[in-house]
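[1] my questions concern the predicted model and sequence given below.
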Amino acid sequence: MSNGNGRQGIVIIASIGVIVASLAWIYFTQFAAPKTNLVLHQGIGEVMAEETSKLIGRKGQVIVMAINPRAAPELETQLATFQEVIGKAGGIAIKETVFLDTENQPKYGTGRGLSARRFVGVVKKKGAGN
């Protein structure tokens with residue numbers, strides 16, 4: 001009789017172990033995991049810097065316009081990589097970084113473009129880069 005109780009105890013302990021392991025896996029893959037794909041967004045920042053460098057002839061000043069990274073967390077990685085690559089390129093300086101107010105409207109966000117009116121307004125206010 002005690003042999004059956006021993007097996008039952010092992011099954012209970014093993015079941016609890018599996019449940020705890022499952023909960024830990026769910027937590028670390030769903031909740032504690034970074035919300036952005038760092039490699040992807042570092043690559044985006046690098047390509048933006050390289051294309052900007054080509055566009056302005058590898059020398060000059062640029063004004064960076066972006067929405068606030070608090071509104072789109074992936075922008076923080078993209079901007080940091082952009083600034084790092086532009087800095088290494090030499091001959092190009094970031095004149096100013098302008099964070100645009102999203103006004104809590106869904107039409108403003110990553111990959112949604114910038115209206116011509118807002119672009120011209122910032123250029124007039126801040127002065128042109130290259």
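    Yes, it's here. Not measured: the values here are computed from a predicted model. Numbers count the residues shown, from 1 in each chain.
[2] helix/strand/coil for the spatially closest residue to A72 that is not a sequence neighbour?
    Using Cβ to Cβ, 6 or more residues apart in numbering and skipping the chain neighbours, the partner closest in space to A72 is T110 (4.5 Å). The C-beta positions use only the backbone N, C-alpha and C, and glycine is treated the same way. With DSSP: H, G, I helix; E, B strand; the rest coil as the basis, T110 sits in coil.
[3] touching, T110 and T77? I think so.
    No. In this structure, T110 is not within contact of T77 by Cβ atoms under 8 Å, at 11.4 Å.
[4] for the helix or strand hosting Q8, give the mean pLDDT please.
    Taking DSSP states H and E as the definition, one finds Q8 inside helix 2-26. Across helix 2-26, pLDDT averages out at 88.
[5] hmm, who's touching that helix?
    Under the contact criterion Cβ atoms under 8 Å, 6 or more residues apart in numbering, helix 2-26 has no outside partners.
[6] quick one: M65 and V122 touch, right?
    Yes. If you go by Cβ under 8 Å, M65 and V122 touch, sitting 5.9 Å apart.
[7] any shared contact partners between the two?
    Counting by Cβ under 8 Å, 6+ apart, the shared contacts of M65 and V122 are V98, L100.
[8] how far does stretch 8-27 sit from its chain's centre?
    Centroid separation for stretch 8-27 versus its chain: 35 Å, with Cα atoms, centre = their mean, to the nearest Å.
[9] please save the CA atoms from that stretch in CSV.
    Extracted in CSV, the C-alpha atoms of stretch 8-27 (Å, rounded to 0.1, in the frame of the first residue of the first chain):
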residue,chain,number,x,y,z
GLN,A,8,1.3,8.9,-6.3
GLY,A,9,3.6,11.4,-4.5
ILE,A,10,6.1,11.2,-7.4
VAL,A,11,3.3,11.9,-9.9
ILE,A,12,2.1,14.9,-8.0
ILE,A,13,5.6,16.4,-7.6
ALA,A,14,6.3,15.8,-11.3
SER,A,15,2.9,17.4,-12.3
ILE,A,16,3.6,20.4,-10.2
GLY,A,17,7.1,20.7,-11.7
VAL,A,18,5.7,20.6,-15.2
ILE,A,19,3.1,23.2,-14.3
VAL,A,20,5.8,25.5,-12.8
ALA,A,21,8.1,25.0,-15.9
SER,A,22,5.2,25.8,-18.2
LEU,A,23,4.3,29.0,-16.3
ALA,A,24,8.0,30.1,-16.4
TRP,A,25,8.2,29.4,-20.1
ILE,A,26,5.0,31.4,-20.8
TYR,A,27,6.2,34.3,-18.7
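[10] all set now, cheers.
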